[in-house]
Each structure stands twice: as structure tokens, then as C-alpha cells.
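Asker: Sequence and predicted structure are below.
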Amino acid sequence: MAVSRAEQRAMTRRALLTEGRRRFAADGYHAVVLAEVAESVGVTKGAAYHHFASKAGLFRAVVAQVQGELGKAVATAAEAHDDPWEQLRAGCRAFLTAGGDPAVRRIVLVDAPTVLGWDEWRAMDEDSSARHLAEALHGLIAAGVLPEQPVEPLARLLSGAMNEAALWLARTAEPGALDATARALDRLLDGLRA
């Protein structure tokens, strides 16, 4: 069965994304060469530029892919619970656990803020997961679990703390670090309750 041009383009794009993700996670943004990514998946450099315009364009697409997967993993962990408080705790823990994934650590937490710039990285984070945290906090305030307060600064504080903790977890070899961090997060969250 013949593959249509649209299907071929989609396959090429997926292959470039997959290889770009592998290389960005393993080597970091600055060590990746777009022409080498293209060559390794059997396409021309021109094809890579056609799909992504630049190495930064490929990186941006990879960041969006990884952040989207991270957002889904956090949402899935939260949705496994009926209680809104447990949903918040489970989502936060899923985020911390994801920091152990080399792609999340290197691509999303280390390279993306530098390569894309803080504002673009924050906007992408907002689209993929930060809005879920704000929604959860709004729900907990509405349910009386958290006292009435502005959600935006609280969401930013929690998000920043979890990003920093995820980076630390990704770099530490300390036994039991994830459990210790989850306990610390629970104490932090418990301090917010009404």
C-alpha cells in the first residue's frame, strides 16, 4: 500500500521529533546538530528545516511534546483519586517523580528556560501543566479545604518549589530522596489548609 505525501511528511516529522528528543535529553541542546539529527533518521537537512525551520524550532516542538506528556501524567495521577486534596498531592508527587526522567530533567527543567527564554518557557508550562495546578487550587478554595486567597501567587510559589525539587531529585544520589521530598511537600501543603 502506497504512503501518501501527507503520511510521509507526518512520519518524517515524528522521526525527527523522536531522534531530536533522544539527542536533546542525552547531550543537551547546545551539543545537538540538526543536520546530524536529519541524517540519523535518513532525511536531508532541508527536510528537517522544512518541518522545524531551525534547531530551536525542533527543540521547541520537543519541549512541547515532553511538557504535554508530563501534564498528562500529572493529570492521570490526580484523576486516580476522588478526593480533591489527594488529587493535588498525587499530581504534585507525579511531577516530582517525572523529574527522574532524563528527557524531563534535561529538556524541560534545565535547557528549555535558557534556550527558549523564561517567558516562552513559562507560557509553554502554563499551557501544559501549570493551569492544572491553578485549577486544583481554585477547587480546593471553593470546597473550603484551603482558605480564600489569591490563586495566582500560590500556584507560582508551589510550581517554583516543585521545579526546584524536581531538579534536585534528578541530580541527587541520596537514597530515599523522592520519599523525603514527598514528605516535605506534604508538610508544605498541609500548612496551607484551612
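Answerer: Arrived safely, thanks for sending. Quick caveat, the model's predicted, so the values are computed rather than measured.

Asker: Going by C-alpha atoms from here, please, whenever you check contacts or count neighbours.
Answerer: Fine.

Asker: quick check, distance from the lowest-mean-pLDDT helix or strand in the chain to the centre of its chain.
Answerer: When each helix and strand of the chain is scored by mean pLDDT, DSSP states H and E, helix 102 comes last, with a mean of 82. Distance of helix 102 from its chain centroid, counting by C-alpha atoms, centre = their mean, to the nearest Å, is 11 Å.

Asker: Run through who's touching it.
Answerer: 25, 26, 170 (C-alpha atoms under 8 Å, 6 or more residues apart in numbering).

Asker: can you tell me which of those are in helices?
Answerer: Counting by DSSP state H, the contacts of helix 102 place 25, 26, 170 in helices.

Asker: In TSV: those residues, plus distance to residue 152 and neighbour count.
Answerer: Converted to TSV, those look like this (distance: C-alpha to C-alpha, whole Å; neighbours: other C-alpha atoms under 10 Å):
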residue	distance to residue 152	neighbour count
25	31	21
26	34	15
170	27	22
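
Asker: Looking at the contacts of helix 102, which is nearest residue 114?
Answerer: Nearest to residue 114 among those: residue 25, at 14.7 Å, using C-alpha to C-alpha.

Asker: What are the buried residues along the biggest helix by length in the chain?
Answerer: Counting residues, the longest helix found in the chain (DSSP H) is helix 55-79. Neighbour counts over helix 55-79 (16 or more other C-alpha atoms under 10 Å) mark 55, 58-68, 70-71, 73-75, 77-79 as buried.

Asker: now the helix or strand following it, how far from the chain's geometric center?
Answerer: Heading C-terminal from helix 55-79, the first helix or strand you meet, by DSSP states H and E, is helix 84-98. Between the centre of helix 84-98 and the centre of its chain there are 14 Å (C-alpha atoms, centre = their mean).

Asker: Quick check: residue 73 touching residue 94?
Answerer: Yes. Using C-alpha atoms under 8 Å, residue 73 makes contact with residue 94 at a distance of 6.9 Å.

Asker: Need the nearest residue in space to the residue nearest the centre of the chain, chain neighbours excluded.
Answerer: Geometric centre of the chain, nearest residue: residue 67, 3.2 Å, by C-alpha atoms, centre = their mean. Nearest non-adjacent residue to residue 67, counting by C-alpha to C-alpha, 6 or more residues apart in numbering: residue 128, 5.8 Å away.
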